[in-house]
Each structure stands twice: as C-alpha cells, then as structure tokens.
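Engineer: A structural model of the following input is requested.
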Amino acid sequence: MPPFGRSLPTREGRKNALFYRTLNGARVGDLFMSLIHTAELHQVEPFDYLVTLQRHVTTVALDPSAWMPWNYTEALANAEAAAANEAEAPPD
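Structural biologist: Got it, this is the predicted structure:
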C-alpha cells in the first residue's frame, strides 16, 4: 500500500494522461477514472456500476445526479419498478 493512503491511482492517472491522443480522450479518461475511484470509495463494484449506467443510459441522462455511486441503487430500484409497472399496464 502506498505510504499516503490511496493516492497512487491519482498519480498513475496523471502519468497515463500524458499518452492520450486527444484532449477530449484525456477528459473522457479522467471522467472514467473519477467515476471508478468514487465508486471504490463508496464500496461499490466499479464494473457493475458502469454496466448499470450503460444499461439505463436514457434514464441516467434524465437525472444524472440520481445515478452517482453513493445513491444509484435507489435510482436503479426506481427505474426497475417503473419498467415493471409499464410492462404490467394493459395496452391502450
């Protein structure tokens, strides 16, 4: 473990950011690193979290703040309940 806690991923990220092809690629990489690290800090499995975001991309786009790692399980439950209610509704 690094001597100063969990600072190693940040330093690695800065070093790796030098090799992105474009500035936009670096921004996207930084965004993903931030999401992954935030998920880890909140004891959320990063891969499962990112897969969930991809599976509910339209719902996430409507309210991104509800899908942050610390509260996405509630948003996921709401989205799945809404989908179940929509599936149960009789056709018009």
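
Engineer: with adjacent residues omitted, what lies nearest to H56?
Structural biologist: Excluding its sequence neighbours, the residue lying closest to H56 (C-beta to C-beta, 6 or more residues apart in numbering) is A79, at 5.4 Å. (Glycine included, C-beta is placed from N, CA and C.)

Engineer: ok, that neighbour touching T59?
Structural biologist: Yes - contact criterion C-beta atoms under 8 Å: A79 and T59 qualify, at 4.9 Å.

Engineer: who has more neighbours, the two?
Structural biologist: Applying other C-beta atoms under 10 Å to A79 and T59 shows that A79 carries more neighbours, namely 21 against 18.

Engineer: quick check: the more buried one vs R21, distance?
Structural biologist: With distances taken as C-beta to C-beta, to the nearest Å, A79 is found 35 Å from R21.

Engineer: what does L41 give?
Structural biologist: From L41 over to R21 (counting by C-beta to C-beta), the distance is 29 Å.

Engineer: one more: Q54?
Structural biologist: Relative to R21, Q54 is positioned 23 Å away (C-beta to C-beta).

Engineer: next up, phi/psi of H56, please.
Structural biologist: Backbone torsions of H56, given as degrees, to the nearest 10, read phi -120, psi 40.

Engineer: show me the domain layout of this protein.
Structural biologist: 1-41, 43-92 (automatic domain parsing).

Engineer: could you give me the average pLDDT of the first one?
Structural biologist: When pLDDT is averaged along domain 1-41, the result is 73.

Engineer: with stretch 67-85 instead?
Structural biologist: Stretch 67-85 comes out at a mean pLDDT of 92.

Engineer: how about residues contacting it?
Structural biologist: 35, 38-39, 41-42, 44, 49, 52-53, 56, 59-60, 63, 66 (C-beta atoms under 8 Å, 6 or more residues apart in numbering).
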